[in-house]
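>>> fold the following and give me the result.
(one chain, ligands or ions: 2)
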Amino acid sequence: MKLTISALAIVLICSIVWSCKPTKTFTQQEISLIPQVQKMTLGQSSFQFTQNTVLSVQNNEQQQIAEKFSNLFVKSAGWKPKISTDCSERSNQILFKSDATLGAEGYLIESSTNRIEITAAGSAGFFYATQTLRQLLPAQLESSQLQDKIDWLVPTISITDSPAFKWRGYMLDVSRHFFPKEDILQLIDYLAVHKINTLHLHLVDDQGWRIEIKKYPKLTTLGAWRVDHEDKPWNSRPKQVAGEKATNGGFYTQADIREMVAYAQSRYINIVPEIEMPAHVTAALSAYPQYSCTGGPFTVLPGGVWPITDIYCAGKDSTFLFLQDILTEVMELFPSKYIHIGGDEATKKEWDKCPKCKKRIKEEGLKNSGELQSYFIKRIEKFINSKDRILLGWDEILEGGLPPKATVMSWRGTQGGIDAAKQGHDVVMTPVNPCYFDFYQGPKEEEPLAIGGFNPLQKVYEYDLIPKELDSESAKHILGAQANLWTEYVSTFKHAQYMTFPRVAAMAEVLWSPKDVRNWDDFYLRIRRFTKRYDQMGINYAKSAFKPAVNPVAPEKK
Ligand code: ACM
Ligand code: ZN
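Residues are numbered from 1 along each chain as shown. Ligands and ions are numbered 1, 2, ... in the order given. Here you go, the predicted model:
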């Protein structure tokens, strides 16, 4: 009898607590998902996250994804949802369910007042589902301060989602200015929220070599450091003179690289390393001048150089052995299927004069130094392919004939991408307009100094990356697109964020969301609300991006 009364009391208390549970009917305007999901039906009620919420996962990969999601609550809510491998249905549950028919990155979310089911084929899909759930929760979730007055509600909702493109990229130039590992880890977190899946690191240029190579230590003891002329304009910085110390720079150790790669992988981001050749290599030649045509000497450049004539000698076999050694270490560090070898902007003045290069042209039956560049890249491609990787290069690699299996990054407009796709090669679109994020995004007078150009938010948002010139068969070769942040004029991570956000949100939507859900006016409202999340995350986004897009403000330099 006693037992029955206690049981009744428990039922009564539970139902009182249950009926007092906060619920809410969300309006469309309260939901700001970026990138926009493929399909969504909003219900009338809500699901509340509490410290008794349980994330039920089926395996270790899901557990790690659930762990990351759950950890979002620690600082802001002061507790975290639990994780269990018991997948039997219960109340107050986030249930992970597998469905092999969904695409590699697709997912479904079905939420009721009592349970949220997330369904995906693989771990990437589960990860993206948790990013969407995160965005459905109040922006205060992202705070590092305790938020004790918040009900952690998400709407009852039904979502079907998967990406439009598989290459959703962002490039950071870490050569012109170096950004330490901690910045890169933070950047990876920020990009992952936007469902960006590729981080291209431009590790090599005339102004700094940024990756430790064990076999060639001088690449970083010398090549990573330049004289500090940061106080002078980029294009009028004097070269290092004898006795002057090189104090500006930095590099990633191999341990740093392993950490960044693993951190990115667990956020479903692939890091693509770029090792420039045959040009943009003054930093490498400063350390190892024997791989140039002239023998040097060279110093790491503190600022701009044009044209780029100090390049690797294509006549010396030792150059190729040097590069193969470097690439071997690079490929051991980066699991990326794609290895970017640059290939852009080589002026072949030295090749035209160099006896070894001239001999190579003759022996290989090449017409000129233009074809020598093609020989160079094809030889490197053979090596990269022998390690089961794919060579990726800027669109100059089309000149003199594309290497047979290469993928092209089309940057000088779209023609390179069109030509490559028509020849049956895969392409990543990154035309300067609108993909170069070193361009201005607001009125020049109000903006920090930039390289030129004008790529405001709306222009990025309205980018249609499949060129009209391609038929549907060739269009399949367009893997996606990428925003590129070159950093000649960007020396701090705060400034890099400013150039990146919110434009990367527009790029993310171009690459993820189907055309029929993309709408500038709607995006504009969503991104404005989304900045509340940026504020909580501490992202330094450009408020100027929200000014109406006016006429171009500066001549384009690129
Ligand atoms: C490039 O902007 N030179 C690829
Ligand atoms: Zn040469």
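>>> pLDDT weak spots in this structure?
1-20, 548-558 (pLDDT under 70).
>>> excluding sequence neighbours, find me the nearest residue to P289.
Counting by CB to CB, 6 or more residues apart in numbering, G296 is the residue found nearest to P289 once chain neighbours are left out, at 2.9 Å. Just so you know, the C-beta spots here come from the backbone N, C-alpha and C atoms, and that holds for glycine as well.
>>> correct me if wrong, but that neighbour is in a helix.
No - assessed with DSSP: H, G, I helix; E, B strand; the rest coil, G296 is coil; it does not lie in a helix.
>>> so it touches A287, yeah?
No - counting by CB atoms under 8 Å, G296 does not reach A287; the two are 10.0 Å apart.
>>> how near is the residue nearest to P289 to ligand 2?
13 Å (CB to the ion, to the nearest Å).
>>> list the contacts of that residue.
Each residue near G296 by CB atoms under 8 Å, 6 or more residues apart in numbering is listed here: 285-286, 289.
>>> quick one: which of those is most hemmed in?
S286 (27 neighbours; other CB atoms under 10 Å).
>>> tell me the SS of that one?
The local conformation at S286, judged by three-state DSSP, is helix.
>>> using the three-state scheme, assign the closest residue to S123 other than its chain neighbours.
Once flanking residues are discounted, S123 sits nearest to E61: 4.3 Å by CB to CB, 6+ apart. Recorded secondary structure, E61: helix (three-state DSSP).
>>> what about E61, how many neighbours?
Neighbour number of E61 under other CB under 10 Å is 16.
>>> contact residues of the chain facing ligand 1?
344-345, 394, 411, 558 (CB under 6 Å from any ligand atom).
>>> angles on the backbone of the closest residue to ligand 1 within the stretch 201-350 of the chain, please.
Proximity of the stretch 201-350 of the chain to ligand 1 (CB to the nearest ligand atom) peaks at D344, 4.2 Å away. D344 adopts backbone torsions of phi -90, psi 150, taken as degrees, to the nearest 10.
>>> who are the contact partners of it?
Contacts of D344 (CB under 8 Å, 6+ apart): 276, 279-280, 393-396, 411.
>>> who wins for neighbours among those residues?
E276 (28 neighbours).
>>> chain neighbours aside, what residue packs nearest to that residue?
E276 sits nearest to G342 (CB to CB, 6+ apart), 3.3 Å away.
>>> give me every residue in the stretch 301-450 of the chain lying close to ligand 2.
Taking CB under 5 Å from the ion, the part of the stretch 301-450 of the chain that reaches ligand 2 is made up of 313, 315, 354, 356-357.
>>> and with 8 Å instead?
Contacts of the stretch 301-450 of the chain with ligand 2, taken as CB under 8 Å from the ion, map to 313-316, 350-351, 354-357, 360.
>>> and the stretch 151-300 of the chain, by the same measure?
Residues of the stretch 151-300 of the chain lying near ligand 2 (CB under 8 Å from the ion): 292-293.
>>> please, where are all the strands along the stretch 151-300 of the chain?
With DSSP state E, counting those that start in this stretch as the criterion, the stretch 151-300 of the chain has strands at 153-161, 167-173, 198-202, 204-205, 208-209, 225-226, 248-249, 270-277.
>>> deepest-packed of those, please.
Sort the strands of the stretch 151-300 of the chain by mean neighbour count, taking mean count of other CB atoms under 10 Å, and strand 208-209 sits at the top with a mean of 30.
>>> adjacent strands (with direction) for it?
Partner strands for strand 208-209, per DSSP bridges, with pairing direction: strand 204-205 (antiparallel).
>>> now do the strand it pairs with: everything it contacts.
With contacts defined as CB under 8 Å, 6+ apart, strand 204-205 is touched by 173, 175-176, 210-211, 274-276, 280-281, 283-284, 342.
>>> can you point out the buried residues in stretch 309-318?
309-316 (16 or more other CB atoms under 10 Å).
>>> please disregard the earlier target; I meant stretch 526-546.
526-527, 530-531, 533-534, 536-537, 539-542, 544-546.
>>> go on, stretch 487-500?
Buried residues in stretch 487-500 (16+ other CB under 10 Å): 487-490, 493, 495-500.
>>> helices - which of those residues land there?
493, 495-500 (DSSP state H).
>>> check contacts around the closest residue to ligand 1 within the stretch 401-550 of the chain.
Closest residue of the stretch 401-550 of the chain to ligand 1, CB to the nearest ligand atom: W411 (4.5 Å). By CB under 8 Å, 6+ apart, W411 lies in contact with 344, 394-395, 430-432, 435, 484.
>>> what number of residues lie near the closest residue in space to G304 that isn't next to it in sequence?
The shortest distance from G304 to any non-neighbouring residue, by CB to CB, 6+ apart, is to N235 (4.1 Å). Number of residues near N235 (other CB under 10 Å) recorded here: 11.
>>> could you do the one 4 residues further on as well?
Under the neighbour criterion other CB under 10 Å, K239 is assigned a count of 16.
>>> use 45 as the first number for this chain going forward.
New numbering, starting at 45: the last item is K283.
>>> next, it: phi, psi?
According to degrees, to the nearest 10, K283 has phi -70, psi 160.
>>> surely it is in contact with V344?
No - the pair K283 and V344 fails to qualify as a contact (CB under 8 Å) at a distance of 9.2 Å.
>>> related to what we said a few turns ago, quick check: the farthest pair among the contacts of W455?
Of all pairs drawn from these, the greatest distance, 14.5 Å, lies between D388 and C479 (CB to CB).
>>> now do the SS call for T176.
Going by three-state DSSP: T176 is helix.
>>> so who does the closest residue to ligand 1 within the stretch 45-194 of the chain touch?
Relative to ligand 1, the nearest point of the stretch 45-194 of the chain is P79 (25.5 Å; CB to the nearest ligand atom). Residues in contact with P79, defined by CB under 8 Å, 6+ apart, are 238-239, 549, 552-553, 555-557.
>>> turn those into TSV, including neighbour count and secondary structure.
Formatted as TSV, those follow (neighbours: other CB atoms under 10 Å; DSSP: H, G, I helix; E, B strand; the rest coil):
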residue	neighbour count	secondary structure
H238	24	coil
K239	24	coil
A549	26	helix
A552	25	helix
E553	25	helix
L555	27	helix
W556	27	helix
S557	23	coil
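>>> just checking, what packs against the host helix or strand of I138?
Assigned by DSSP states H and E, I138 falls within strand 137-142. If you count contacts as 3 or more CB pairs under 8 Å, 6 or more residues apart in numbering; DSSP states H and E, strand 137-142 packs onto strand 98-100, helix 104-121, strand 159-164.
>>> how about 7 Å then?
strand 98-100, strand 159-164 (3 or more CB pairs under 7 Å, 6 or more residues apart in numbering; DSSP states H and E).
>>> any chance of those strands in TSV, plus mean neighbour count and distance to ligand 2?
Below are the helices and strands packed on strand 137-142 laid out as TSV (neighbours: other CB atoms under 10 Å; distance: least, CB to the ion, whole Å):
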stretch	mean neighbour count	distance to ligand 2
strand 98-100	22	60
strand 159-164	22	52
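>>> adding distance to F117, write those strands out as CSV.
What follows is the helices and strands packed on strand 137-142, written out as CSV (distance: least, CB to CB, whole Å):
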stretch, distance to F117
strand 98-100, 11
strand 159-164, 15
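>>> where does the nearest residue to E491 once chain neighbours are set aside fall, phi/psi-wise?
Excluding the flanking residues, the one nearest E491 by CB to CB, 6+ apart is Y484, at 5.4 Å. Dihedral angles of Y484 (phi, psi; degrees, to the nearest 10) stand at phi -60, psi 150.
>>> no further queries at this time; thank you.
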